[in-house]
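Visitor: sequence? don't have it. structure:
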Ligand SMILES: O=P(O)(O)OC[C@H]1O[C@](O)(CO)[C@@H](O)[C@@H]1O
């Protein structure tokens with residue numbers, strides 16, 4: 001970590017001073033000043049064209065942001081990540097997800113061990129299993145082929161696989177269907193199993209630790225559902241595990257021969273391309289999974305090698321920092337114009353908010369600036385008819401990432417044109433707005449002018465990709481992974497731990513034991529009242 005405290009560093013102070021020069025600058029003015037602005041403020045790599053010209057920044061702004069990144073040793077820290085160093089200090093682990101998508105023959109060492117051969121061994125094990133399911137040589141206990149696959153897992157062991165299953169709808173293997181159970185609410189599992197036949201259903205219990213309350217509770221309920229229908233011996237044909245914890249997998253009664261492993265250097269939210277992606281591979285096939293890995297790897301290479309000035313993850317990360325820390329933006333909207341990317345905002349929510357939702361730096365000192373923004377979003381055009389009102393005319397500054405694809409996956413080219421026209425129009429409307437003069441020129445009554453004025457100056461990035469494919473999905477996910485990393489380095493935080501999820505888990509266990517009458521822990525007045533009221537209403 002850079003020695004200079006962040007806010008007193010010259011780079012930070014230069015940015016603060018520079019921000020003051022932005023009070024009256026408009027995007028209209030910037031585009032007037034530089035008619036070639038779109039060309040000057042765009043970059044392209046790995047099939048992603050990034051237009052960042054509709055941002056409140058000039059060349060000088062970017063230079064100052066690059067100075068900031070260099071002053072925080074971004075390049076050296078990035079190299080340390082790719083070198084397998086234990087950059088996740090609080091857990092004493094590497095953050096080596098880049099090794100998950102390294103082509104065979106690449107050497108990537110952590111702790112002195114080249115992990116690429118092990119990664120490919122597991123990929124091969126996954127591929128064998130996938131083929132066995134697809135070719136129906138692996139069948140259920142009664143001899144039925146497996147057609148329904150239920151991934152039980154939560155957080156990073158769920159969001160990526162579910163997002164990918166939806167995103168890769170056009171690439172699905174037609175004989176199998178995926179379902180996802182994450183929430184501890186029993187309604188989830190019963191809703192999923194209501195229409196399934198146990199004889200053709202396979203459960204993948206996906207949990208890095210194999211101790212997560214939600215996952216283990218659902219796994220036991222699913223086991224009961226299978227054994228009630230097919231008997232105890234059916235477990236080995238209807239359950240496989242993805243985990244780093246072989247002991248716990250054994251204790252569950254599963255054969256570790258049917259366990260797909262990964263490693264402690266894979267963080268939960270960075271694991272969709274590890275064995276946690278087994279459901280994805282089963283859902284879209286081995287070839288498509290490999291194409292997705294190749295997309296991830298292409299973006300890794302770009303992030304590792306491209307100069308900061310043309311580096312897409314660095315650009316996205318630094319633009320986020322600019323609004324978050326110098327404009328006071330609290331949130332960032334992710335707006336994919338693709339029905340199939342419906343779960344992408346939720347995926348990025350965990351990626352960014354679990355990684356960078358921290359208040360102390362790596363040295364344990366309180367941060368003096370805001371860290372990770374709130375990430376949210378919905379696909380366009382749905383969002384246009386709900387929350388875009390606030391983005392256009394509300395009082396808050398909300399930088400947006402629009403994500404669109406040139407080629408449709410739907411049969412209707414005409415509908416795709418409408419979709420993309422909306423994306424482009426929204427970015428235009430947010431940036432340039434509509435002035436009172438323009439309204440008056442259209443004979444809008446004076447009384448209506450204040451309500452129909454759009455201030456503009458609302459910044460957005462547009463990411464334009466050729467088509468949504470396994471490869472492009474891999475590049476997009478890796479793009480955001482490295483953008484999150486870039487931001488974490490600027491703040492000097494550990495983006496790879498998640499201690500913030502622990503307290504709630506521990507308190508829930510205490511309350512469970514209070515509910516079951518095993519203990520009577522002392523609680524505050526509100527907690528005790530809620531607990532008592534709940535138990536009374538339940539007839540206890
Ligand atoms: O895969 P596991 O160990 O069940 O953990 C699930 C999720 O729980 C967390 O540890 C905390 O919510 C996430 O980081 C992780 O993705």
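Guide: Perfect, thanks for sending it. Here the structure is a predicted model, which means the values were calculated and not measured. Numbers count the residues shown, from 1 in each chain.
Visitor: residues near the nearest residue to residue 75 once chain neighbours are set aside, how many?
Guide: If the residues on either side of it in the chain are set aside, residue 75 comes closest to residue 308, at 7.3 Å by C-beta to C-beta, 6 or more residues apart in numbering. C-beta: built from backbone N, CA, C; applies to glycine. By other C-beta atoms under 10 Å, the residues close to residue 308 number 19.
Visitor: next one: phi and psi at residue 308?
Guide: Note on residue 308: backbone dihedrals following degrees, to the nearest 10 are phi -50, psi -40.
Visitor: where exactly do the helices run in the stretch 251-400 of the chain?
Guide: Secondary structure of the stretch 251-400 of the chain (DSSP state H, counting those that start in this stretch): helices located at 278-284, 286-305, 312-326, 344-356, 388-393.
Visitor: deepest in the core, which of these is it.
Guide: helix 278-284 (a mean of 26; mean count of other C-beta atoms under 10 Å).
Visitor: that one: how far from the chain's middle?
Guide: Using C-alpha atoms, centre = their mean, to the nearest Å, the mean C-alpha position of helix 278-284 is found 18 Å from that of the whole chain.
Visitor: ok, stretch 181-198 next?
Guide: Computed by C-alpha atoms, centre = their mean, the chain-centroid distance of stretch 181-198 equals 24 Å.
Visitor: residue 235: neighbour count?
Guide: 18.
Visitor: residue 523 versus the closest residue to it other than its chain neighbours, what's the distance?
Guide: Among residues not flanking residue 235 along the chain, residue 253 sits closest, at 5.8 Å (C-beta to C-beta, 6+ apart). Taking C-beta to C-beta, to the nearest Å as the measure, residue 253 falls 36 Å from residue 523.
Visitor: which single residue of the stretch 251-400 of the chain ends up nearest the ligand?
Guide: For the stretch 251-400 of the chain and the ligand, the shortest gap (C-beta to the nearest ligand atom) falls at residue 268, measuring 2.4 Å.
Visitor: got a list of what that residue touches?
Guide: 155, 156, 157, 208, 354, 498 (C-beta atoms under 8 Å, 6 or more residues apart in numbering).
Visitor: and those residues near the ligand, which?
Guide: Counting by C-beta under 6 Å from any ligand atom, the subset of these that neighbours the ligand consists of 155, 156, 157, 208, 354, 498.
Visitor: contact partners for the closest residue to the fifth one other than its chain neighbours?
Guide: Looking back up the chat, that one is residue 354. Computed as C-beta to C-beta, 6+ apart, the closest residue to residue 354 that is not its neighbour in sequence is residue 498, at 5.1 Å. By C-beta under 8 Å, 6+ apart, the contact set of residue 498 is 268, 354, 355.
Visitor: the residue nearest to residue 235 contacts residue 233, correct?
Guide: No - proximity of residue 253 to residue 233 does not meet the contact threshold set by C-beta atoms under 8 Å, at 10.9 Å.
Visitor: now do the strands in the stretch 101-250 of the chain.
Guide: Assigned by DSSP state E, counting those that start in this stretch, the strands in the stretch 101-250 of the chain fall at 109-110, 113-114, 148-152, 177-181, 201-206, 239-243.
Visitor: who wins for proximity to the ligand among the ones you listed?
Guide: The ligand lies closest, by C-beta to the nearest ligand atom, to one member of the strands of the stretch 101-250 of the chain: strand 201-206, at 6.6 Å.
Visitor: direction included, what does the closest one pair up with?
Guide: strand 148-152 (parallel), strand 239-243 (parallel) (DSSP bridges).
Visitor: near the ligand at all, that strand?
Guide: No - judged by C-beta under 6 Å from any ligand atom, strand 201-206 and the ligand are separated, with a smallest distance of 6.6 Å.
Visitor: so that strand versus strand 177-181, what angle?
Guide: In terms of direction (axes from the mean of the first three to the mean of the last three C-alpha atoms, to 10 degrees), strand 201-206 departs from strand 177-181 by 50 degrees.
Visitor: thinking again about what came up before, what about the residue nearest to residue 235, distance to residue 214?
Guide: 19 Å.
Visitor: including mean pLDDT and mean neighbour count, could the strands of the stretch 101-250 of the chain go into a markdown table?
Guide: Below are those laid out as a markdown table (pLDDT from 0 to 100; neighbours: other C-beta atoms under 10 Å):
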| stretch | mean pLDDT | mean neighbour count |
| --- | --- | --- |
| strand 109-110 | 98 | 16 |
| strand 113-114 | 98 | 14 |
| strand 148-152 | 98 | 25 |
| strand 177-181 | 98 | 22 |
| strand 201-206 | 98 | 27 |
| strand 239-243 | 96 | 26 |
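Visitor: quick check: residues of this structure near the ligand?
Guide: 154-157, 207-209, 212, 215, 268-269, 354, 498, 501.
Visitor: in the stretch 351-500 of the chain, what residue lies closest to the ligand?
Guide: residue 498 (4.7 Å).
Visitor: just checking, what packs against the helix ranked longest in the chain?
Guide: Using DSSP state H to define each element, the chain has its longest helix at helix 470-491. On a contact count with 3 or more C-beta pairs under 8 Å, 6 or more residues apart in numbering; DSSP states H and E, helix 470-491 meets strand 48-51, helix 59-71, helix 74-82, helix 159-167, helix 286-305, helix 312-326, helix 344-356, strand 460-465.
Visitor: for the second one, give the mean pLDDT please.
Guide: Translated: helix 59-71. If you average the pLDDT over helix 59-71, you get 98.
Visitor: one more: the fourth one?
Guide: Per-region confidence: helix 159-167 scores 98 on mean pLDDT.
Visitor: tell me, how many residues neighbour residue 232?
Guide: Residue 232: 10 surrounding residues under other C-beta under 10 Å.
Visitor: against residue 246, how distant is it?
Guide: Taking C-beta to C-beta as the measure, residue 232 falls 21 Å from residue 246.
Visitor: start and end of stretch 29-37, how far apart?
Guide: Counting by C-alpha to C-alpha, to the nearest Å, you get 11 Å between the two ends of stretch 29-37.
Visitor: contacts only, for the closest residue to the ligand within the stretch 1-150 of the chain.
Guide: Going by C-beta to the nearest ligand atom, the ligand is nearest to residue 91 of the stretch 1-150 of the chain, at 10.9 Å. Contacts here follow C-beta under 8 Å, 6+ apart; on that basis residue 91 touches 264, 496, 497.
Visitor: do residue 79 as well
Guide: residue 304.
Visitor: and residue 2, what pLDDT?
Guide: 47.
Visitor: then the one 10 residues further on?
Guide: If you check residue 12, the pLDDT there is 98.
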